[in-house]
Each structure stands twice: as structure tokens, then as C-alpha cells.
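Chemist: okay, here's the prediction I keep looking at, along with the sequence it came from:
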Amino acid sequence: METAIASIRYGAPELKQVAHRYTAVGLTIALVFHLAGAGAFWMSRMLTPGEQAHPPRIMIAEFGPPPTIRGQALPRMEISPGMLKPSVGTPVPVPDAEVSPDRTIVDQRALGEMAGPALPGNGDVAVAGEMKPAADDVPPPIFQPFEKPPEIVKQVLPVYPELAIKVGLEGRVYVRVWVDKEGKPRKAIVIKSNADIFNQSAIEAAMHYRFTPAIMNKGPVSVWMVIPFVFRLKH
């Protein structure tokens, strides 16, 4: 046992020396190969200078002054009077006797001050060519306050897409609906969906819903409300 321990202690320093020696030899050989490769590359570049890439040269041509500046007049082009014909009628002067002094020409400033005609119907008024939208045509803010929320009085089930049925796909779609003062949906927007194939069916179903209008200050108001649609196959 003592002989085995002594032999192990004796061999460890020898193995370390051999490892250090071979490591140094390997690094030296690698360095020599790298230096030889770099030297061969630069020597080839020095021996073949004609193959080196040069930056492109831009040739700038020097042109003299135009012929007219040097005293040489350009050739004149003569056009016969009968070659070109006017595309519009020839203006004819109007005698002074036919001009009425009572006529007034309206300028741009006077036109701008004139109000446009009022359009009957939904209360919109046209002023200077601009149409003011009615209040019912403007969607309400997302967080419209109300005292009584709208309630569903007519519910429509969405149509299950045939492709989703064939592949056995299920999903859930959340639709934000603009409910006007009469309880009718005016617009539907998908705000969350885990399968886009159900979005159009959910929007079409939401637009066929009917609600009681939301109440604020004892009067109906238009609001946004969220309707979840669940598409689930029967197992």
C-alpha cells in the first residue's frame, strides 16, 4: 500500500512536466503556422501589385461655355403662319355699348361671407360649404357615464363557420358594440379574439342585437358595451 502511494506521488510531477512541455510545443507550432500563412498572403500581395483593388475614379469632363456665350448664335427656327392653328376661338372685342354698367361682379371676399342654404331633415346646417355632423352620428366616448346600463331584449346566436366545424375549432370573441339612444347597434368592433375565423360571425350577430337604451339624467344616451361570443362544439 505504501509502495503504491509513493509511486503515485512520484508520477504526478512527471505528468505535469510532460503536459506543460507538450502544451508549449503545440502553441509554438500553431504560432509558426499562423505567421507562415500571414507572410505568404502579404508576399503574394506584394508580388502581384496589378491585381490590387483600386477605388473607382470619377472622370469629370470639362465643357466650355455655351455657343451663345462664345458669340455663336443658335440657328433660328422659322414657323409658317399656316402650320399652327389655335385650339380655341379667336377673342372678339365687345363694344362698350353692350356692357351694362349696373352689373356687379362678386369677388372672393363677398362669396366667403355668404352663408350656404340650410338643409332640412336631421338639423344639419351648411355654412360656407361645410356640413356640421349631427350629434347622433358621432360615436360616444369609450367610458360614457350612465345611470342605467342597456339591457339585451333580442339576442342572436352567431353562425358557426363550416371550416371551424370541419377542423373541430372552438373559440371566444369579445365585441364592443355602439348602442345608440334607440337601443340599436350602430357599430361593432372586435377587441379580443383567440381565433380570427370567428370574428366576422360575431360582428354580424352583434349588429342584429336589440337593447334598451342606457339612461343618464332621465334621458337616453348612446354608449359602448362589450358582448362575449363563445363558439363551442357539442360533444
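Modeler: Good, I have the coordinates. Quantities reported herein were computed from a predicted structural model and do not represent experimental measurements.
Chemist: mind checking which helix or strand of this structure has the lowest mean pLDDT?
Modeler: strand 126-127 (a mean of 41; mean pLDDT, DSSP states H and E).
Chemist: which residues in the protein form strands?
Modeler: Per DSSP state E, the chain carries strands over the ranges 126-127, 130-131, 151-154, 171-179, 185-193, 210-212, 214-216, 219-221, 223-231.
Chemist: wait, which of those strands is closest to Ser44?
Modeler: strand 185-193 (64.7 Å; CB to CB). C-beta: built from backbone N, CA, C; applies to glycine.
Chemist: burial count for Lys166?
Modeler: 8 (other CB atoms under 10 Å).
Chemist: returning to what we had before: what's the least confident stretch among the strands of the chain?
Modeler: With a mean of 41, strand 126-127 has the lowest mean pLDDT of these.
Chemist: want to try JSON lines for the strands of the chain, with distance to Tyr160 as columns?
Modeler: Formatted as JSON lines, the strands of the chain follow (distance: least, CB to CB, whole Å):
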{"stretch": "strand 126-127", "distance to Tyr160": "47"}
{"stretch": "strand 130-131", "distance to Tyr160": "42"}
{"stretch": "strand 151-154", "distance to Tyr160": "20"}
{"stretch": "strand 171-179", "distance to Tyr160": "10"}
{"stretch": "strand 185-193", "distance to Tyr160": "15"}
{"stretch": "strand 210-212", "distance to Tyr160": "22"}
{"stretch": "strand 214-216", "distance to Tyr160": "31"}
{"stretch": "strand 219-221", "distance to Tyr160": "34"}
{"stretch": "strand 223-231", "distance to Tyr160": "6"}
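Chemist: Pro145: which of these is closest?
Modeler: strand 214-216 (6.3 Å).
Chemist: now the closest one: buried residues?
Modeler: The neighbour-count check on strand 214-216 (16 or more other CB atoms under 10 Å) flags Ala214 as buried.
Chemist: let me see the domain layout of this protein.
Modeler: The chain breaks down into these domains under automatic domain parsing: 1-43, 151-231.
Chemist: good, we can wrap up now.
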